[in-house]
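need a structure here:
(chains A, B, C and D)
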There are 2 protein chains.
Amino acid sequence: MTSKYALDREDLTLNARLVRGLREAILSGDLKGGARLVEREMTEMFGVSRGLLREAIQTLASEGLITLVPHKGPVVTLLGREEAAQLYRVRGALEGLACSEFTQRASDEQRQELFDIFARLEAMVVKEEPNALVEAKNDFYRCLLNGAANEVLELMFTQLNNRIVQLRRLTLSASGRFPDTLKEIGRVVNAIRAGDGRRARDMAEAHVAAAAEVVQRRFSELDLDKE
Amino acid sequence: MTSKYALDREDLTLNARLVRGLREAILSGDLKGGARLVEREMTEMFGVSRGLLREAIQTLASEGLITLVPHKGPVVTLLGREEAAQLYRVRGALEGLACSEFTQRASDEQRQELFDIFARLEAMVVKEEPNALVEAKNDFYRCLLNGAANEVLELMFTQLNNRIVQLRRLTLSASGRFPDTLKEIGRVVNAIRAGDGRRARDMAEAHVAAAAEVVQRRFSELDLDKE
DNA sequence: TCAATCATATTGTCTAACAATCTGTCAATA
DNA sequence: TATTGACAGATTGTTAGACAATATGATTGA
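Numbering: from 1, shown residues only, chains lettered A, B, ... in the order given. Predicted coordinates:
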């Protein structure tokens, strides 16, 4: 029933747009981890009523981006080292699944697109502006998830990744790791190219584990442990 | 006016209890897949205001239990065969992770508890009331997740499982499969006993895949494909 | 310094209202 | 007959205002 001309009704309700706006404000770092979200301020910031705002907050809370503290108010979720570790472990499992699914389900076009994106990544030098890098990575994952053709997986992975985005401060500063990252992703791509889903998965998990370790190290270096 | 879901407003915030109550009503099957959730009816059913109800609906919508159709109202999510398949694939990955994490993280007590629960499962005969069986299985998973010591995983797995619960109608009727199920889980438990996380994971995935296949078969048999 | 108390801000919840949108009905028309 | 259009009722989308419950910070008293 959904033709390619179907209009996106979601955009129409203020509610949906508010959720997106608030999510964006958190992901972009405008609302930093630990920040309190005072209702009155938020309603002014977004120009919506209290009711709508509270609905949106409920949504983001159940996505994990916001933490609800009864009678104190919502707070932008702040990740500790333990939560970060847990997040990455789950991400490993999901990313692994995405890779193995992609390997056996993706169309030739999708496969080609993934290779192209990877080539674009490879062509980047460390010095290049981080934005382009982040965007290329996003493209990579978007393509991967499309090819995996599993909306449940896509949703969960996206939600998980949204939570991890807050750690970007930690990982970006350690961008000297880029060559390693590239090598790891390369192994994934090669396995996909070879049609070896199992290996693609293992390599993906290894990659995530490596990224997780970097984050843990940064936590130690910056002594960022909150009590 | 007061239904059996009417809340008495005490401890927690009403909001939180409403979410639980509504979730329970869906999981228990009192609100079946496809059912429309008309706001006025729901507010009477739970004895809360429209605002609170809408907040709760947002929450369950982002858990996937409810589907929001703009300007038509919320509907209890109805699973089609394709969504079911996707759900099970992700579940395989998460359950696999849970098993491997359990293997390397669980305490001796938790390990022992898991074995005990499995023994309880083994002792059950097919004829036994399904309720006891479902409960034992729940215990098994609760224990597994506790031992895995990963709250993120626990949350995601629980949410995923909540969505799958709606398919219980399909799987219950095929309870002749119980001996097979038992054998599959047995292999998982054995791997855990042997401390072989990798194998525990593989066996868990195999188990989930088998369950998924049963569901797919039931979809075909009952010709349950919608539209 | 510490503890009890109070004032204020904020959240939790309810009611009422109106606009926008959906649904079904029924007559008019080709 | 089948399609179109218009209309009425029901439901959702959104706002505003109110009040009680709770948290926070300052003040006072010992």
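
name the helices or strands packed onto whichever strand or helix holds A:Arg20?
Counting by DSSP states H and E, the element that carries A:Arg20 is helix A:14-27. For helix A:14-27, the elements it packs on are helix A:39-46, helix A:50-63, helix A:151-165, judged by 3 or more Cβ pairs under 8 Å, 6 or more residues apart in numbering or on different chains; DSSP states H and E. Just so you know, the C-beta spots here come from the backbone N, C-alpha and C atoms, and that holds for glycine as well.

what do you get if the cut-off is 10 Å, keeping everything else the same?
helix A:39-46, helix A:50-63, strand A:66-69, helix A:151-165, helix B:50-63 (3 or more Cβ pairs under 10 Å, 6 or more residues apart in numbering or on different chains; DSSP states H and E).

which residue ranges of chain A form helices?
In chain A, the helices defined using DSSP state H lie at A:14-27, A:39-46, A:50-63, A:81-105, A:108-123, A:130-148, A:151-165, A:168-172, A:178-193, A:197-222.

picking up where we left off before, any part of the helix holding A:Arg20 near DNA strand C?
No. Helix A:14-27 lies out of reach of DNA strand C by Cβ under 7 Å from any atom of the strand, never closer than 10.4 Å.

got the angle for that helix vs helix A:151-165?
Put simply, helix A:14-27 runs at 40 degrees to helix A:151-165, going by axes from the mean of the first three to the mean of the last three Cα atoms, to 10 degrees.

keeping just the C-alphas, turn helix A:14-27 into PDB.
Only the C-alpha atoms of helix A:14-27 are listed here, as PDB (Å, rounded to 0.1, in the frame of the first residue of the first chain):
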ATOM      1  CA  LEU A  14       4.000  18.300  16.300                       C
ATOM      2  CA  ASN A  15       4.700  15.500  18.700                       C
ATOM      3  CA  ALA A  16       6.800  13.600  16.200                       C
ATOM      4  CA  ARG A  17       8.800  16.700  15.200                       C
ATOM      5  CA  LEU A  18       9.300  17.600  18.800                       C
ATOM      6  CA  VAL A  19      10.700  14.100  19.600                       C
ATOM      7  CA  ARG A  20      13.100  14.500  16.700                       C
ATOM      8  CA  GLY A  21      14.100  18.000  17.700                       C
ATOM      9  CA  LEU A  22      14.800  17.100  21.200                       C
ATOM     10  CA  ARG A  23      16.700  14.000  20.200                       C
ATOM     11  CA  GLU A  24      18.700  16.100  17.800                       C
ATOM     12  CA  ALA A  25      19.500  18.600  20.600                       C
ATOM     13  CA  ILE A  26      20.900  15.800  22.700                       C
ATOM     14  CA  LEU A  27      22.800  14.000  20.000                       C
END
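
got TSV for the helices and strands packed on helix A:14-27, with mean pLDDT too?
Below are these laid out as TSV (pLDDT from 0 to 100):
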stretch	mean pLDDT
helix A:39-46	96
helix A:50-63	97
strand A:66-69	95
helix A:151-165	97
helix B:50-63	97
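
adding distance to B:Leu222 and mean neighbour count, write the ones you listed out as TSV.
Putting these into TSV (distance: least, Cβ to Cβ, whole Å; neighbours: other Cβ atoms under 10 Å in any protein chain shown) gives the following:
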stretch	distance to B:Leu222	mean neighbour count
helix A:39-46	47	14
helix A:50-63	32	20
strand A:66-69	41	16
helix A:151-165	22	18
helix B:50-63	26	20
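
could I get these as JSON lines with distance to DNA strand C?
JSON lines is the format used below for those (distance: least, Cβ to the nearest atom of the strand, whole Å):
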{"stretch": "helix A:39-46", "distance to DNA strand C": "3"}
{"stretch": "helix A:50-63", "distance to DNA strand C": "6"}
{"stretch": "strand A:66-69", "distance to DNA strand C": "7"}
{"stretch": "helix A:151-165", "distance to DNA strand C": "22"}
{"stretch": "helix B:50-63", "distance to DNA strand C": "4"}
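
looking at these, which is closest to A:Glu122?
helix A:151-165 (22.0 Å; Cβ to Cβ).

show me how far the closest one is from its chain's centre.
Relative to the mean C-alpha coordinate of its chain, helix A:151-165 is positioned 6 Å out (Cα atoms, centre = their mean, to the nearest Å).

tell me what angle it forms with helix A:197-222.
Using the same axes, to 10 degrees, helix A:151-165 lies at 20 degrees relative to helix A:197-222.

which strands or helices does helix A:151-165 pack on?
With 3+ Cβ pairs under 10 Å, 6+ apart as the test, helix A:151-165 has helix A:14-27, helix A:50-63, helix A:81-105, helix A:130-148, helix A:197-222, helix B:81-105, helix B:151-165 packed against it.

ok, the residue in chain A positioned nearest to DNA strand D - how many residues close by?
Of all residues in chain A, A:Leu14 sits closest to DNA strand D, with a separation of 2.7 Å (Cβ to the nearest atom of the strand). The number of residues packed near A:Leu14 is 16, by other Cβ atoms under 10 Å in any protein chain shown.

repeat for A:Val19
Count around A:Val19 with other Cβ under 10 Å applied: 22.

what sits against it?
By Cβ atoms under 10 Å, 6 or more residues apart in numbering or on different chains, A:Val19 lies in contact with A:Glu10, A:Thr13, A:Leu52, A:Glu55, A:Ala56, A:Ile57, A:Gln58, A:Thr59, A:Leu60, A:Glu63, B:Gln58, B:Ser62.

before we move on, what about A:Leu78?
A:Lys32, A:Gly33, A:Gly34, A:Ala35, A:Thr67, A:Gln166, A:Lys226.
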